[in-house]
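Peer 1: Take a look and give me a structure for this.
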Amino acid sequence: MPKRILRVNMNNLEAKFEDFPADFAALGGRALTSTIVEKEVDPLCHPLGANNKLVIAPGLVTGTLAPSSGRLSVGCKSPLTGGIKEANAGTPFSQQLAKMRIAAIILEGKHKGSEYYTLKVTMDKAEFTSADKWVGKGLYDTYQSLFKEYGDKVGICGVGIAAELLGASSGICFNDPEGLPSRYAGRGGVGAVMASKGLKFIVVDDTGAPGVEILNEEAFKEGAQKLRKALTTHDVTKPGGALNSYGTSVLVNIINEAGGLPQRNFSAGQDDRSEKVSGEVKAEIIKERGGKRPHACNPGCIIQCSEVWCKPGGKDPVGVLEYESVWALGPNCGIYDLDDVGELNRACNDLGLDTIEAGGMMGVAMEGGLANFGDGKKALKLLDEVKNKTPLGRILANGTAFTAQAMGVTRVPVVKGQSLPAYDPRAIKGIGVTYATTPQGADHTAGYAIATEIMGVGGTADPMDTSKADLSRNLQVATAAIDATGYCLFIAFAVLDIPEGLEGVVDTLNGVLGANLTVADVPGYGQSIIDVERKFNKAAGFTEKDDRLPEFFLKEKLAPHNTVFDVTDEELDRVWGP
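Peer 2: Numbering: from 1, shown residues only. As a prediction, this is how the structure comes out:
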C-alpha cells in the first residue's frame, strides 16, 4: 500500500483518501505541512475563515523503529501571527498515523452550523459523528470518555474550550502514552483553526495498519544503530544524562545563572527563587509522589525527557511540566511554587491553551493589574474566565499581544504577535536573532542558539557577542530539516557533536525513501523549507521590518548584566539576505 493523503472537507462533511503526489515523495513533517499550506492557502485569507487549511503530517521516519522519532507537524496560516505556522508534537498519535501510511490529513472548508464533529479514521474509511456532548468540557475528563467510547488503543487529537472561543493561543492536543491530554502542538493558534472548521476531535484506529514502508532495510538499520549510539553516549541525551535525569527543566538553574531567565514579564533576568521550580527539585518531588520520571512522550523515545507530574499519592496526574511551561507559568509570573505551576499547567492542558502563550499572557495581565505577580491562586481564577467563556476570558484566550493591548501594557514580549519563550534575548543574543528572523514568530525551537551559546553544543559562542546571524541561520536551516524527519529536535544535541549520529539520520532517511542522500544535502533541504515559509509570509505582507524585537528590549537594560538587545538591524537582515 502506498502513502496517501486524507482530505477532509468540512463544507459537506466528506473525507476521502487521495494518492500521495509523487513530487512530494521526499517531504514529511514540517516540509510537507509548509509545502501544502504554501500551495493551497491564500496568504491573504482570514486564518479563521473557510479558505485557510490545517495540515497534520507525521515525519518521514515517524512510525519506524528509529530512536526518538515520534513527532508530527501541524501547519496552517496562523491566527496569532498572520503568517505561516508549524507547530510540533511528540505523541503515539503520530506513529499510528504513519503506520497507516497517511502522509497528511488536510482539513479544509468550514462547517456552516454550530455543531462540532469527531472524525474517526480507520484503515479504509473516515466517518463523522457528533462531538457536541463534549463542548464546554475539560480535556482530561473528555479524553477518558473518548478512550472508553473508542477503545484504549486509539490515538486522539483534539481541541479544548480555548479553541471553541477561537482563541489565538489555543493549541491542538494529542494524547501521551498514558492517554493524558498533555502533548501539544501548541503555538500559533492552530487549535482555533481546527475549531473554526467545526472539528473537535480526530480519533485514529490503526488496527490492521501495514506499518511504514522501508525501501532499504540495511541502510535503515545501520543508520538507526549509528544514531542510537550517538544518543546513548552524549552527555545531554544519554541514559542518566541531563535530559533523562531532570527533563527539560534542567535548564531552569542553568539559564537563571546565565542571567537570561525572564522574571515577572521580562523585567529581570535572574531570581534566586527560581531554584525552587528547577528540574532537580521537580525530579525529587515526582519520585516522592509516585509520578513518572524519566518518561517517553511516545513509544521508542530513548532520550525520555518527559515525565508525569502529579499531586501527593499519585493523584490527578498532569503529564509533563516542560521547562518552557514551568518558566512561563512560574518565574515569568513571579510564581515559585511547583504545585501552583502544576495546577496552572493542568488548567492550560484542560482548556487547550499553549502554556508559553498563556504564561506570556498572564505576565502582561499581572503587569496590567488583573493580578499581582506571584499570586498563583488568582492566576488560576483568571484561567477560569476562559473556562466560563466570559468576555475577559475571550481576551485572555487570544494571547499576550491582545491582552496587553486590552490592558494598556507597553512591555509586550512578542515577535510577529507570538509570545517569547524562556530566554531573554538581552542576555543571550543568538536566540534573540532567531526570535526575530524565524518565519514562525518568536520560537526558540526554530533555531536553538542556546545549545551553542550556553551549553557548548556544536561549538561555543559568547552569549553577549552580537554577531549571531550565521549561527542562527545555520541552526534554523538544520532545525527545519529535522522537523521534516519526525525525529525529536533534541537529537540535535548529539548529532551536532557526533558526526556519526548525523550520518545515521541520513542513513535512516535513505532507508525509508530508497534514496542516496548525503550529509551535504541536509542544509539545502532545510533551506528549501525556510524558503517556502518565507515566500508565504512575504505574500501575506511581511517585510524585514517584521524581523525585529519589541522596542523595550532595545531600550530597557536587563539585570543582572544591565544590557539591552544591541544586535543591529543590518545583522538581523543578514540572516536571510535581501
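Peer 1: Quick one: residues contacting the nearest residue to Y423 once chain neighbours are set aside.
Peer 2: Nearest residue to Y423 in three dimensions, chain neighbours excluded: I431, at 4.7 Å (CB to CB, 6 or more residues apart in numbering). For glycine as for every other residue, the C-beta is placed from the backbone atoms N, C-alpha and C. Contacts of I431 were listed using CB atoms under 8 Å, 6 or more residues apart in numbering, and they are Y423, P425, H444, G447, Y448, A449, I450, E453.
Peer 1: swap in R101?
Peer 2: R101 is in contact with M1, P2, K3, R4, A209, P210, V212, E213, counting by CB under 8 Å, 6+ apart.
Peer 1: Return the member of those residues nearest to A347.
Peer 2: Of all the contacts of R101, A347 sits closest to A209, with 35.0 Å by CB to CB.
Peer 1: K387 contacts I161, doesn't it?
Peer 2: Yes. Taking CB atoms under 8 Å as the definition, K387 is a contact partner of I161 at 5.9 Å.
Peer 1: anything in contact with each of these two?
Peer 2: Any residue near both K387 and I161 by CB under 8 Å, 6+ apart counts here, and that gives G138, L351.
Peer 1: okay, now the closest residue to A436 other than its chain neighbours: neighbour count?
Peer 2: Counting by CB to CB, 6+ apart, D547 is the residue found nearest to A436 once chain neighbours are left out, at 5.0 Å. Burial of D547 is recorded as 21 neighbouring residues (other CB atoms under 10 Å).
Peer 1: cool, and K387?
Peer 2: Applying other CB under 10 Å, we find 18 other residues in the vicinity of K387.
Peer 1: show me what contacts it?
Peer 2: Contacts for K387 were tallied using CB under 8 Å, 6+ apart; they are G138, I161, A347, D350, L351, G393.
Peer 1: Go through those residues and give me the one with the most neighbours.
Peer 2: Top of those by neighbour count (other CB under 10 Å): L351, with 29 neighbours.
Peer 1: Tell me if I'm right that it and G138 touch.
Peer 2: Yes. The pair formed by L351 and G138 meets the contact definition of CB under 8 Å, at 7.0 Å.
Peer 1: Name the residues contacting each of those two.
Peer 2: In contact with both L351 and G138: G160, I161, K387, using CB under 8 Å, 6+ apart.
Peer 1: so what's the first one up against?
Peer 2: If a contact means CB under 8 Å, 6+ apart, then G160 has G138, L139, S170, C173, P181, G191, D350, L351, G352, L353 as its contacts.
Peer 1: Tell me the pLDDT of it.
Peer 2: G160 is assigned a predicted lDDT (pLDDT) of 98.
Peer 1: And for it, nearest residue in space, chain neighbours not counted?
Peer 2: In space, not counting the residues next to it along the chain, G160 is nearest to G352; the distance is 2.4 Å by CB to CB, 6+ apart.
Peer 1: Quick check on G28: phi, psi?
Peer 2: phi -150, psi 170 (degrees, to the nearest 10).
Peer 1: What's the local residue count around it?
Peer 2: 29.
Peer 1: How about the one 4 residues further on?
Peer 2: One way to gauge burial is a neighbour count; for L32, by other CB under 10 Å, it gives 26.
Peer 1: helix/strand/coil for it?
Peer 2: Three-state assignment for L32 (DSSP: H, G, I helix; E, B strand; the rest coil): helix.
Peer 1: Now do the contacts for the closest residue to it other than its chain neighbours.
Peer 2: Ranked by CB to CB, 6+ apart and with sequence neighbours excluded, the top spatial neighbour of L32 is A57, at 4.3 Å. Residues counted as contacts of A57 (CB under 8 Å, 6+ apart) are G28, G29, R30, L32, T33, I36, L72, S73, G75, A103, A104, I105.
Peer 1: from those, which is closest to E284?
Peer 2: When the contacts of A57 are ranked by distance to E284 (CB to CB), L72 comes first, at 32.6 Å.
Peer 1: Contact partners for the closest one?
Peer 2: By CB under 8 Å, 6+ apart, the contact set of L72 is 29, 56-59, 62, 88-89, 91, 93-94, 97, 174, 185, 486.
Peer 1: pLDDT score for it?
Peer 2: Reading off the model, L72 has pLDDT 98.
Peer 1: Any idea what it is bridged to?
Peer 2: The partner list for L72 in beta bridges (DSSP bridges) reads P58, A89.
Peer 1: quick revisit: what about the contacts of R101, which are in strands?
Peer 2: Under the assignment DSSP state E, these contribute R4 to strands.
Peer 1: For the contacts of R101, pick the one with the most neighbours.
Peer 2: V212 (23 neighbours).
Peer 1: any idea how far E322 is from it?
Peer 2: If you measure V212 against E322 using CB to CB, to the nearest Å, the figure is 28 Å.
Peer 1: now V457
Peer 2: 19 Å.
Peer 1: For these two, indicate the residue with more neighbours.
Peer 2: E322 (24 against 20).
Peer 1: Test my guess that that one contacts Y246.
Peer 2: No. Using CB under 8 Å, E322 is not in contact with Y246, being 12.0 Å away.
Peer 1: which residues does Q405 contact?
Peer 2: Shown here is Q405, whose contacts under the criterion CB under 8 Å, 6+ apart are V412.
Peer 1: Kindly report the same for K112.
Peer 2: If you count contacts by CB under 8 Å, 6+ apart, K112 has them with N11.
Peer 1: which element is the closest residue to V159 other than its chain neighbours on?
Peer 2: Residue nearest to V159 in three dimensions, not counting chain neighbours: G191, with 4.3 Å by CB to CB, 6+ apart. The secondary structure element spanning G191 is helix 190-196 (assigned by DSSP states H and E).
Peer 1: Following element in sequence after that helix, please.
Peer 2: Following helix 190-196 in sequence order, the next helix or strand is strand 199-204 (DSSP H and E).
Peer 1: That following strand pairs with which strands, parallel or anti?
Peer 2: Checking strand 199-204 against DSSP bridges gives partners strand 117-121 (parallel), strand 155-158 (antiparallel).
Peer 1: Please list the outside residues in contact with the last one.
Peer 2: The set of residues external to strand 155-158 that reach it, using CB under 8 Å, 6+ apart, is 56, 91-93, 96-97, 139, 142-143, 146-147, 150, 172-175, 179, 181, 200-204, 206, 352.
Peer 1: let's go with 6 Å and repeat that
Peer 2: By CB atoms under 6 Å, 6 or more residues apart in numbering, the list of residues contacting strand 155-158 from outside reads P92, F93, Q96, Y143, L146, C173, F174, N175, F201, I202, V203, V204.
Peer 1: roughly how far is that strand from the heart of the chain?
Peer 2: Strand 155-158 sits 16 Å away from the centroid of its parent chain (CA atoms, centre = their mean, to the nearest Å).
Peer 1: Which residues lie in contact with the residue nearest to V159 in this structure?
Peer 2: Residues counted as contacts of G191 (CB under 6 Å, 6+ apart) are V159, A163, S170, G171, I172, G352.
Peer 1: could you dump the residues you listed to CSV with neighbour count, distance to T232 and secondary structure?
Peer 2: Formatted as CSV, the contacts of G191 follow (neighbours: other CB atoms under 10 Å; distance: CB to CB, whole Å; DSSP: H, G, I helix; E, B strand; the rest coil):
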residue, neighbour count, distance to T232, secondary structure
V159, 27, 37, coil
A163, 30, 39, helix
S170, 36, 37, strand
G171, 34, 31, coil
I172, 30, 32, strand
G352, 31, 35, coil
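Peer 1: how near is G70 to L97?
Peer 2: To L97, G70 is 10 Å away according to CB to CB.
Peer 1: more neighbours, the two?
Peer 2: G70 (32 against 28).
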